[in-house]
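sequence unknown, structure follows:
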């Protein structure tokens, strides 16, 4: 119950709910985490920029047709103020057979503090060459 | 002189100075546009995440050894509040001979309003398949 009560009380909680929704392929829960404005943006790895709820919802619906995405966000790096939080995340994804190249996914998630809680305004994911660096996360200076 | 006076008075002006510095391969001017905090992040297309002034400066120094980068930011899409501005930019780059694939670069630039003006805290650039979409920029709703 404590988790429920605190949900979206911080950008970190919204982010946790985001990756939880991805794991469960829960489209409604996922879309409820975005700011209500129509200028939200989403970039999937290698894909064009999407703007607005309809386009972004359709893209996740297509992805979820293949099931949930098992992502573990690691090495979070954040900078934030009272209104906005910028999270830089390295995403650990479950490797599939046939993957030819070592790679990891880098993600910039931006959250804004709205009257309804912390909501996503930007999700920008891209592929980086090489394995994700190991070791402790960088210190959070803010 | 008016331009000089207004420099960094808005995130848009800092962004204009950023792409101008890239064009001129002006490392000092480029690095002066970043926030002074050490938790700034920079992701070049396909490359690992960089954190902090030293690593970011070294990366641009290596890029500039091949000269400036002729980038024209187009189709800017922004969301902002008093403290933070998030710019989603499609970068038009001059094509080189031998480029095999049609592609464009998508970029998320995050600026914060500091006592010294609007400064960059995050630059995340990645490659998208296909040519950049044409047509007018999406409306700025904020």
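Arrived safely, thanks for sending. Being a predicted model, the structure only gives us computed values, none of them experimental.

Give me the average confidence score over the helix or strand hosting residue A:91.
Residue A:91 belongs to strand A:84-93 when assigned by DSSP states H and E. For strand A:84-93, mean pLDDT is 89.

Listing partners with orientation, what would you give for it?
strand A:71-80 (antiparallel), strand A:103-114 (antiparallel) (DSSP bridges).

Let me have these in TSV, adding mean pLDDT as columns.
Compiled in TSV, the strands paired with strand A:84-93 are given as follows (pLDDT from 0 to 100):
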stretch	mean pLDDT
strand A:71-80	84
strand A:103-114	92
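
taking these together, which one is wrapped up most tightly?
Of all the strands paired with strand A:84-93, strand A:103-114 has the most neighbours on average by mean count of other CB atoms under 10 Å in any protein chain shown, namely a mean of 22. C-betas here are computed from N, CA, C, even on glycine.

ok, residue A:52 touching residue A:39?
Yes - assessed by CB atoms under 8 Å, residue A:52 is found in contact with residue A:39 at 7.4 Å.

Neighbour count: those two, which is higher?
Per other CB atoms under 10 Å in any protein chain shown, whichever of residue A:52 and residue A:39 has more neighbours is residue A:39, with 19 against 16.

doesn't the more buried one fall inside a helix?
No - secondary structure of residue A:39 (DSSP: H, G, I helix; E, B strand; the rest coil): coil, not part of a helix.

gap between it and residue B:38?
Distance from residue A:39 to residue B:38, counting by CB to CB, to the nearest Å: 31 Å.

Which single residue in chain A comes nearest to chain B?
residue A:126 (3.2 Å; CB to the nearest CB).

Phi first, then psi, for that residue.
Backbone torsions for residue A:126, taken as degrees, to the nearest 10, come to phi -150, psi 160.

how many other residues sit next to the residue lying closest to it once chain neighbours are set aside?
Of all residues not flanking residue A:126 in the chain, residue B:126 sits nearest, at 3.2 Å (CB to CB, 6 or more residues apart in numbering or on different chains). Residues near residue B:126, counting by other CB under 10 Å, number 24.

so how far is residue B:103 from residue B:126?
From residue B:126 across to residue B:103, the span is 10 Å (CB to CB).

I'd like to check the angle between the top helix by length along chain A and strand A:71-80, please.
Counting by DSSP state H, the longest helix found in chain A is helix A:11-24. Counting by axes from the mean of the first three to the mean of the last three CA atoms, to 10 degrees, helix A:11-24 lies at 160 degrees to strand A:71-80.
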